[in-house]
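Enquirer: Give the three-dimensional model of this entry:
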Amino acid sequence: WVAARRRLGPEVGARRRRATSWVADRVTMADPGDGSALARWVEAKRGLGVEVVGILGKTEGNGCVNDFSRGYATATVKRIAPAACTVMSGGTEGVLTPHYTILASRESDGPAS
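Expert: The predicted structure is shown next:
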């Protein structure tokens, strides 16, 4: 193997790995059915090779069993980013504001970290 590697060069048997960078960003929602800020974010990143991996959301509602805002927000997200893993939490009483937290990745050529 050593002799073959000397003849053929160092790239034999070596794999080229891609670097992955990660981003977490937050956008607001006016109501559980509002995906306008999320759609703008996804559209702005589309040409940059960014892949939305997951979306965490905090919706309006009381967070109890009869809180239908989570399902409504999840349906909104799935229309915009169908492949993303989605987790929604209800209940924004007090100082919290309804929002989406976007988790995304981007691969690029170069050394992997």
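Enquirer: Let me know whether E107 touches G49 as I believe.
Expert: Yes: using CB atoms under 8 Å, E107 is in contact with G49, at 6.8 Å. Where you see a C-beta, it was placed from the backbone N, CA and C, and this is true even at glycine.
Enquirer: ok, the two, which is more surrounded?
Expert: Between E107 and G49, counted using other CB atoms under 10 Å, the more crowded position is E107 (14 against 10).
Enquirer: How many residues are close by H99?
Expert: Using other CB under 10 Å, H99 has 17 neighbouring residues.
Enquirer: go on, W41?
Expert: The tally of other residues near W41 (other CB under 10 Å) stands at 21.
Enquirer: for R26, same thing?
Expert: Counted with other CB under 10 Å, residues neighbouring R26 total 13.
Enquirer: just checking, it touches T101?
Expert: Yes: contact criterion CB under 8 Å: R26 and T101 qualify, at 5.2 Å.
Enquirer: List the buried residues in the host helix or strand of S21.
Expert: Assigning secondary structure by DSSP states H and E places S21 in strand 19-28. Residues of strand 19-28 classed as buried: V27 (neighbour count, 16 or more other CB atoms under 10 Å).
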